[in-house]
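A.B. asks: okay, predicted coordinates and the sequence, questions at the end:
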Amino acid sequence: MRASAPRMAEAHLLETAHGKHVFLADGSRLYDADPFLFGELASAMESGAKQELAAILHRAGLETPIYIGDEPLKPPPLHALSLAIAQKCNLGCVYCYAQQGEFGGPAKNMSVAVAARAVDFLVESAAAGGRINLAFLGGEPLVNRAVLRAATLRAKTQAAQRGIPITFSITTNGTLVTEDDAAF
């Protein structure tokens, strides 16, 4: 296959064992081109004549509505958020990717205020009719049990007020789970 060097962003010409082709970037469309059309397109592209290129494409029936515009896409709705609420761990395993649970710095916990702002952001950003998940991780998230519980209760209340189903998940080593945690 011999590909053309891109000369115009709107169209690219390709020659393969199966013939000559024109690729239109807008919409990722690929068409076979007879030698005459291929030559016309190549000539217009060599001269940088965008209007001539557009006229040739129109005459060949390859002009279509614009598929890809310049307007930025809207950000997708938020569906999940993971909170690293504890930058420390109760085990300190030598093989831990987080340098024995310390992440290369002094051990610290996320504050209730920061967790509350994160929960507010998750619930406010959720799409109507969607569902959301709030995940907790660390280090070991249960070393910051108070924040885990406060964030969970806040998220549950706010999600219920907006009619958004919410689930929760936790990544834990399990050594600090109490009966009370399990009931919660």
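C.D. replies: Okay, I see it. Numbers count the residues shown, from 1 in each chain.
A.B. asks: after the helix or strand encompassing Leu137 comes which helix or strand?
C.D. replies: Per DSSP states H and E, Leu137 falls inside strand 132-138. The element immediately downstream of strand 132-138 (helix or strand, assigned by DSSP H and E) is helix 145-162.
A.B. asks: other SSEs contacting that next one?
C.D. replies: The helices and strands touching helix 145-162, judged by 3 or more Cβ pairs under 8 Å, 6 or more residues apart in numbering; DSSP states H and E, are strand 80-87, helix 112-125, strand 132-138, strand 166-170. Any C-beta I mention is one placed from the backbone N, CA and C, and that applies to glycine too.
A.B. asks: may I see the buried residues of the second one?
C.D. replies: So that's helix 112-125. Using 16 or more other Cβ atoms under 10 Å as the test for burial, helix 112-125 gives Val112, Ala115, Ala116, Ala118, Val119, Leu122, Val123.
A.B. asks: same question for the shortest one.
C.D. replies: When burial is assessed from 16+ other Cβ under 10 Å, strand 166-170 yields the following buried residues: Ile166, Ile170.
A.B. asks: the helix or strand that it is followed by packs against which elements?
C.D. replies: As assigned by DSSP H and E, the chain's next helix or strand after strand 166-170 is helix 179-183. For helix 179-183, there is no helix or strand it packs on, judged by 3+ Cβ pairs under 8 Å, 6+ apart.
A.B. asks: roughly how far does the most centrally placed residue in the chain sit from Ala150?
C.D. replies: In the chain, the C-alpha nearest the mean C-alpha coordinate belongs to Pro76, at 8.1 Å (Cα atoms, centre = their mean). Pro76 is 28 Å from Ala150, where distance means Cβ to Cβ, to the nearest Å.
A.B. asks: please name the bridge partners of Phe23.
C.D. replies: On the basis of DSSP bridges, Phe23 is bridged to His12, Leu30.
A.B. asks: fine, thanks again, bye for now.
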